[in-house]
Every structure is written in C-alpha cells, then in structure tokens.
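J.: below: sequence and its predicted model.
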Amino acid sequence: FFQCYRSGLRIRTAVVMAVYRKALVLKSSERQTRSVGEITNLISIDAQAMQDLTTYLHAIWYSFLQIGLALYFLFQQLGPSCLGGVIV
C-alpha cells in the first residue's frame with residue numbers, strides 16, 4: 001500500500017508540475033480563454049484523482065485475494081455450508 005501511495009504521489013506531483021509549466025507559458029490571448037478557476041481545478045482535483053487511482057488499482061487485485069482467503073478460512077470452520085452464501 002505504501003508503494004502505491006508513493007507512486008500516486010509522484011504521479012500527482014508530475015501532473016501539478018506539468019500544469020504549472022503550461023500555465024506559465026500561456027500567451028495572454030490563451031489566458032483569456034482559460035480562467036484561473038479552470039487551472040486551479042486541473043491542479044487540485046484532477047491531480048488528486050490521479051493519485052487516488054493508484055490505490056484503487058491496487059485494491060482490484062488484493063480484494064480477490066482477501067475474498068479467497070476469507071472463503072478458505074470460512075470453509076475450514078464451517079465446511080461446505082459456507083458456499084451457500086457465495087452461491088446466493
């Protein structure tokens with residue numbers, strides 16, 4: 001989890017830096033089409049979404065592992081009757 005969070009933070013930092021660099025080289029005519037709110041939105045919300053994506057992608061594979069282990073331990077305790085809840 002820590003590695004995913006750290007790589008997500010690196011992705012967020014790269015996105016923020018790219019948006020800042022782009023905002024600094026905008027011409028005055030281009031600045032009129034992009035408001036400060038749009039640039040701030042790109043920096044804050046969209047960059048945070050990119051950071052959160054790495055932990056959610058990590059959760060895809062380990063959720064199957066958790067379900068499998070839970071079923072294994074439940075089968076050890078209850079036997080075949082635990083599969084009734086899985087089938088339903």
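T.: That came through, no problem.

J.: and the helices in this structure?
T.: Shown for the chain, the helices assigned by DSSP state H span residues 2-24, 28-33, 36-41, 47-78, 83-87.

J.: turn those helices into TSV, including mean pLDDT and mean neighbour count.
T.: Every residue, glycine included, has its C-beta placed from N, CA and C. Formatted as TSV, those follow (pLDDT from 0 to 100; neighbours: other C-beta atoms under 10 Å):
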stretch	mean pLDDT	mean neighbour count
helix 2-24	84	13
helix 28-33	75	9
helix 36-41	76	12
helix 47-78	87	12
helix 83-87	79	9
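
J.: in the chain, which residue is most central in space?
T.: For the chain, the residue lying nearest the average C-alpha position, counting by C-alpha atoms, centre = their mean, turns out to be residue 53 (1.5 Å).

J.: distance of residue 83 relative to residue 72?
T.: Separation of residue 83 from residue 72 (C-beta to C-beta, to the nearest Å): 12 Å.

J.: repeat for residue 9
T.: Counting by C-beta to C-beta, the separation of residue 9 from residue 72 is 34 Å.

J.: can you check residue 3 too?
T.: In terms of C-beta to C-beta, residue 3 sits 26 Å off from residue 72.

J.: list the contacts of residue 58.
T.: Residue 58 is in contact with 1, 4, counting by C-beta atoms under 8 Å, 6 or more residues apart in numbering.

J.: one more pass at 6 Å, please.
T.: Residue 58 is in contact with residue 4, counting by C-beta atoms under 6 Å, 6 or more residues apart in numbering.

J.: measure it to residue 4 for me?
T.: Counting by C-beta to C-beta, the gap from residue 58 to residue 4 is 4 Å.

J.: where do the contact lists of the two overlap?
T.: In contact with both residue 58 and residue 4: no residue, using C-beta under 6 Å, 6+ apart.

J.: does residue 43 really touch residue 19, like I thought?
T.: Yes. Using C-beta atoms under 6 Å, residue 43 is in contact with residue 19, at 5.2 Å.

J.: what's residue 25 sitting at in phi/psi?
T.: Backbone torsions for residue 25, taken as degrees, to the nearest 10, come to phi -100, psi 10.
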